[in-house]
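Asks: below is the sequence, then the predicted model.
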Amino acid sequence: MKNKKIIISIITLIILIIVLIGVIVFGIAKSGNFSFLEKTSTLYNKEFNDITSISVNVKSYDVKIKETNEEKLKVKITGSSKNKDKIKVEQTENRLEIGQEKSIVCIGLCLYDETITIYIPTDYDIKYNHLSSSGSLEVESQLTTGNIKTTSGDITLKGIDNGEVNSTSGNIKIDNAKELNVNSTSGDIKVGKINNITLSATSGNVEITEITNKINGSTTSGDIEINKLAIKENSSLEARSGNIDIGLKNKVFIDAKTNSGNIDIDNSNTNPILTITTTSGDITAK
């Protein structure tokens, strides 16, 4: 009986200590002098002239690129005020470089939004290079050229003339492009209208609205779907484990082979040649 009373007393004391600590923490946090509660602050906000090239190398920030009717390019960075010194923005002639020196670790209640927003005037032609470890990229303006690589994070592009896009773990979505090389290890690839594309997906589906000239693509595990295919040059598609479904917009000669699956195609004796191969999956081109 005595031991039971001791245990109850200890539990009561522990509860009182936890309540007391909670009151102290939230009381100090409310006064704004406690770093346990972190909120979003504006870390950087500056305008630039005559920028033709942007290079971003970050670890954890999300990056957004937006169009603006203003005459100058602007960079705005938000996040925790404790991390202000970890982000650097430098201009060298017409080149703008944005970098993150160290990874950011949040301990406590983290309410801040780590975002780099770049506002690009509509009449600017921008060459864009991007490298990030953990963070998404969302581009709402048209890029001239780009070399984009993310380890973990989605990539969304309104439009790009020429470039290369790579994602280790994340989805890729591109509205329109002229010529692209796209690679994804784990994630879906979705492309709107494009002239020429070379793509590779290890694990994920590929969906393309329209091809107007040429495609060379392969998936290890995932389907390939092309709504409108109007190629003018010889092209090829391969899916080891997945279906290939194509809507033909012009006449092509289709060389289709599958080890395990059905083939349903509308063939012709007209060039160009479209070679389609699946190891395990159906082929439909009509």
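Replies: Nice, thanks for sending it over.
Asks: every contact and neighbour count from this point should use C-alpha atoms.
Replies: Fine.
Asks: which secondary structure state does residue 17 sit in?
Replies: helix (DSSP: H, G, I helix; E, B strand; the rest coil).
Asks: how close does it sit to residue 9?
Replies: 12 Å (Cα to Cα, to the nearest Å).
Asks: go on, residue 184?
Replies: 59 Å.
Asks: just give me the residue right at the centre of this structure.
Replies: With distances taken as Cα atoms, centre = their mean, the residue of the chain nearest its centroid is residue 155 (1.8 Å).
Asks: test my guess that it contacts residue 137.
Replies: Yes - assessed by Cα atoms under 8 Å, residue 155 is found in contact with residue 137 at 4.9 Å.
Asks: quick check: buried residues in stretch 224-239?
Replies: Buried residues in stretch 224-239, counting neighbours by 16 or more other Cα atoms under 10 Å, are found at 224-232, 234-239.
Asks: for stretch 46-62, output the C-alpha coordinates as PDB.
Replies: Extracted C-alpha coordinates of stretch 46-62, given in PDB (Å, rounded to 0.1, in the frame of the first residue of the first chain):
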ATOM      1  CA  LYS A  46      16.200  42.800 -53.600                       C
ATOM      2  CA  GLU A  47      15.900  43.800 -57.200                       C
ATOM      3  CA  PHE A  48      18.400  43.300 -60.100                       C
ATOM      4  CA  ASN A  49      19.000  44.700 -63.500                       C
ATOM      5  CA  ASP A  50      20.100  43.000 -66.800                       C
ATOM      6  CA  ILE A  51      20.100  39.300 -65.600                       C
ATOM      7  CA  THR A  52      20.400  36.700 -68.400                       C
ATOM      8  CA  SER A  53      21.500  33.700 -66.300                       C
ATOM      9  CA  ILE A  54      20.300  32.300 -62.900                       C
ATOM     10  CA  SER A  55      22.000  29.500 -61.000                       C
ATOM     11  CA  VAL A  56      20.400  28.100 -57.900                       C
ATOM     12  CA  ASN A  57      22.100  25.500 -55.600                       C
ATOM     13  CA  VAL A  58      20.100  24.800 -52.400                       C
ATOM     14  CA  LYS A  59      19.500  22.000 -50.000                       C
ATOM     15  CA  SER A  60      16.000  22.500 -48.500                       C
ATOM     16  CA  TYR A  61      14.400  25.500 -49.900                       C
ATOM     17  CA  ASP A  62      11.400  25.400 -52.300                       C
END
